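Chemist: Structural data only, the sequence is not supplied:
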Ligand SMILES: Nc1ncnc2c1ncn2[C@@H]1O[C@H](COP(=O)(O)OP(=O)(O)OP(=O)(O)O)[C@@H](O)[C@H]1O
Ligand SMILES: O=C(O)[C@H](O)[C@@H](O)[C@H](O)[C@H](O)CO
């Protein structure tokens, strides 16, 4: 890779984005953004009420994340950010400002596996009932996108190590 990347850790709710991305950012010593922190309050209220977000809800949120990515592009800094980035059009928006540096890391797992994890997770606004809608919206990365797909069947530290190895990144 010519320049150090800006990694967008993506996938449905409960696939492990926050867990794996925090490990990655810590090990690499890179800036980290939890994408959920940029949701407008109305989006969080909607999800908390068990109503899936639609495109109109997501665009302003994606634009905020794209702005954060853009700042790292402008500064020449590597970074890690979590974002479900479920649809191709969302990813194209996120990568538009730095097409050579954004790499999507898609955490891929079965509905059953993720449902179990969500059922065991507490204190998070996203209800398990929204998982079906997440899979309905999901468009996995296509071959022409800069991405890697990582299976979620391993321990978080192993997933982070796999990502670092496959992308040829050096941990701090
Ligand atoms: N590799 C893993 N093995 C086992 N459990 C995991 C793994 N990765 C994450 N988990 C657990 O699964 C749950 C979901 O993980 P996490 O919150 O990181 O997912 P997420 O994709 O960020 O979800 P959301 O988009 O809803 O915020 C958490 O309780 C987490 O501790
Ligand atoms: O795109 C979406 O439908 C939502 O934004 C969710 O995916 C959340 O951001 C998050 O993953 C829940 O915790």
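Modeler: Happy to help now that I have it. It should be emphasised that the depicted structure is a prediction, and the values quoted were computed from it without experimental measurement. Ligands and ions are numbered 1, 2, ... in the order given.

Chemist: For the rest of this, base every contact and every neighbour count on C-alpha atoms.
Modeler: Will do.

Chemist: May I ask which helix or strand encompasses residue 63?
Modeler: Under the criterion of DSSP states H and E, residue 63 resides in helix 55-75.

Chemist: And the next helix or strand past that helix?
Modeler: Per DSSP H and E, the first helix or strand lying C-terminal to helix 55-75 is strand 79-82.

Chemist: between whichever helix or strand comes after that next one and helix 55-75, how many degrees?
Modeler: Next helix or strand after strand 79-82 toward the C-terminus (DSSP H and E): helix 88-95. Here helix 88-95 runs at an angle of 30 degrees relative to helix 55-75 (axes from the mean of the first three to the mean of the last three Cα atoms, to 10 degrees).

Chemist: near ligand 2, anything from helix 88-95?
Modeler: No - contact of helix 88-95 with ligand 2 (Cα under 6 Å from any ligand atom) is absent, the minimum separation being 9.4 Å.

Chemist: So which bits of that helix are buried?
Modeler: 90-91, 93-95 (16 or more other Cα atoms under 10 Å).

Chemist: and that helix, what does it pack onto?
Modeler: In terms of contacts (3 or more Cα pairs under 8 Å, 6 or more residues apart in numbering; DSSP states H and E), helix 88-95 is packed against helix 55-75.

Chemist: ok, now which ones touch the residue of the chain found nearest ligand 2?
Modeler: Per Cα to the nearest ligand atom, residue 13 is where the chain lies closest to ligand 2, at 4.0 Å. When contacts are counted by Cα atoms under 8 Å, 6 or more residues apart in numbering, residue 13 is found next to 84, 126, 131, 134.

Chemist: from those, which are also near ligand 1?
Modeler: Okay, of the contacts of residue 13 touching ligand 1 (Cα under 6 Å from any ligand atom), that's residue 126.

Chemist: Using pLDDT, spot the least trustworthy of the contacts of residue 13.
Modeler: In terms of pLDDT, residue 126 ranks lowest among the contacts of residue 13, with 88.

Chemist: Helix, strand or coil: sort out residue 20 for me.
Modeler: helix (DSSP: H, G, I helix; E, B strand; the rest coil).

Chemist: Contact partners for it?
Modeler: 156-157, 159-160.

Chemist: give me that answer again for 7 Å
Modeler: 156, 159-160 (Cα atoms under 7 Å, 6 or more residues apart in numbering).

Chemist: And for residue 108?
Modeler: With Cα under 7 Å, 6+ apart, residue 108 has these contacts: 11, 15, 149-152.

Chemist: Now which of those residues would you call buried?
Modeler: 11, 15, 150, 152.

Chemist: thinking again about what came up before, chain center to the helix holding residue 63: distance?
Modeler: 13 Å (Cα atoms, centre = their mean, to the nearest Å).
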